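A.B. asks: Coordinates only, no sequence provided:
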């Protein structure tokens, strides 16, 4: 299964044997966003070698976390997807993303970024208590790439989904700037005036965005 072994009768040790190898958690992150071809994973996991990726995927398949699948015609391409056991890692990944946020800044010069991975990052910090009942569209950019999301508030808390649709307001910005806005370190009005963000639609709705996430609470508690 993996090269790493911990001689302990402990569930955490068993989990570490499966997902503790370098790149493995990031492979799981990518597959949580949907099935991927091998080439897609190589492209998105900047720095991984095809040999290492093959080994990690083989170990995850042997462990029952990942399985191979085939796209229907006319594509007929082999993809990798999470099994139900693999999908059960999502709550743990969510909490690791929340914890890792403490160490996210400052940005490193060699950091790469995939805008659609923002979905997991935003989902990890959604407020799980009642939030403003409105929909805000986000357009997250980085370099020449962009991804769109819909943030929906309501009595059950906040949800985030990929895609576009009707919204009270649309905010376009980089992900690092968005996190500063959500944590209230950077007021939205200041981000707009400094041309770090652009807002369309209701300014009142746009200003409510930080209340739909819990980053500002975590900042006050730190």
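C.D. replies: Nice, thanks for sending it over. Worth saying up front: this structure is predicted, and the values here are computed from it rather than measured.
A.B. asks: hey, let's count contacts and neighbours off CA atoms from now on
C.D. replies: Fine.
A.B. asks: Ramachandran angles for residue 110?
C.D. replies: phi -100, psi 10 (degrees, to the nearest 10).
A.B. asks: Just the endpoints, please. Distance across stretch 113-124?
C.D. replies: End-to-end distance of stretch 113-124: 17 Å, with C-alpha to C-alpha, to the nearest Å as the criterion.
A.B. asks: How about residues contacting it?
C.D. replies: 30, 33, 44, 94-95, 97-98, 140-142, 145-149, 159-162, 175 (C-alpha atoms under 8 Å, 6 or more residues apart in numbering).
A.B. asks: What subset of those residues is buried?
C.D. replies: 30, 44, 94, 97-98, 140-141, 146-149, 159-160, 175 (16 or more other C-alpha atoms under 10 Å).
A.B. asks: Max pairwise distance over the residues you listed: which two?
C.D. replies: 44 and 159 (25.0 Å; C-alpha to C-alpha).
A.B. asks: Show me the contacts of stretch 113-124 that map onto helices.
C.D. replies: 30, 44, 94-95, 97-98, 175 (DSSP state H).
A.B. asks: Which parts of this structure are strands?
C.D. replies: Under the criterion DSSP state E, the chain contains strands at 66-70, 78-82, 135-142, 145-152, 159-162, 169-174, 197-201.
A.B. asks: Among the ones you listed, which comes closest to residue 106?
C.D. replies: strand 169-174 (14.5 Å).
A.B. asks: picking that back up, next, format the strands of the chain as CSV and append mean pLDDT and distance to residue 182.
C.D. replies: Shown next, in CSV, are these (pLDDT from 0 to 100; distance: least, C-alpha to C-alpha, whole Å):
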stretch, mean pLDDT, distance to residue 182
strand 66-70, 95, 34
strand 78-82, 96, 31
strand 135-142, 94, 12
strand 145-152, 95, 13
strand 159-162, 96, 14
strand 169-174, 97, 12
strand 197-201, 97, 13
